[in-house]
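Colleague: Structure for this input, please:
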Amino acid sequence: MEVSGRSCGILGLAYCVPARKIRRKFRTTLAKRKEFQENGKSQQRPFIPLRVSKPILARGAIGVFGLGFIDAGYSGDWSRIGVITPQSEELLKVAAFLVVPLCIFLIFSLPNEPNS
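Modeller: Numbers count the residues shown, from 1 in each chain. Presented below is the predicted three-dimensional model:
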């Protein structure tokens, strides 16, 4: 390793080393809390203002439940990796004939939003 002035080199690779350290000046900053006043109460705004109604969430959950029966019964992946037995897969195929129409019925029978 050789040192010459402002640069150093190791095995032919040269890089720059500053001759003096850079002094940083730290400043004190004061942060003031911004309060959103509305009707005398402070409110926090949601990070992602997403509003989904309860009937839509319920329909989605029922649909995912029915699709889970179809996936577990007919894909064959779950029994291949050992999560369920082939006998359980056959049982889920039969149960899918009952559960999926029930889920479809529940999805369409849920009431709509009153404001729609």
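Colleague: which SSE is Phe97 in?
Modeller: Phe97 belongs to helix 86-109 when elements are defined using DSSP states H and E.
Colleague: shaky segments in this protein?
Modeller: 1-46, 114-116 (pLDDT under 70).
Colleague: please redo it, this time with the cut-off set to 50
Modeller: In the predicted model of the chain, residues 40 satisfy pLDDT under 50.
Colleague: quick one: the helices in it?
Modeller: Applying DSSP state H to the chain gives helices spanning 54-74, 77-80, 86-109.
Colleague: Now render the ones you listed as JSON lines, adding distance to Ile48 and mean neighbour count.
Modeller: In this view, the C-beta of every residue, glycine as well, is placed from N, C-alpha and C. Formatted as JSON lines, the helices of the chain follow (distance: least, C-beta to C-beta, whole Å; neighbours: other C-beta atoms under 10 Å):
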{"stretch": "helix 54-74", "distance to Ile48": "16", "mean neighbour count": "15"}
{"stretch": "helix 77-80", "distance to Ile48": "33", "mean neighbour count": "14"}
{"stretch": "helix 86-109", "distance to Ile48": "26", "mean neighbour count": "14"}
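Colleague: From the rest of the structure, what touches stretch 91-107?
Modeller: Contact with stretch 91-107 is made by Arg59, Ile62, Gly63, Phe65, Gly66, Phe69, Ile70, Ala72, Gly73, Tyr74, Ile84, as judged by C-beta atoms under 8 Å, 6 or more residues apart in numbering.
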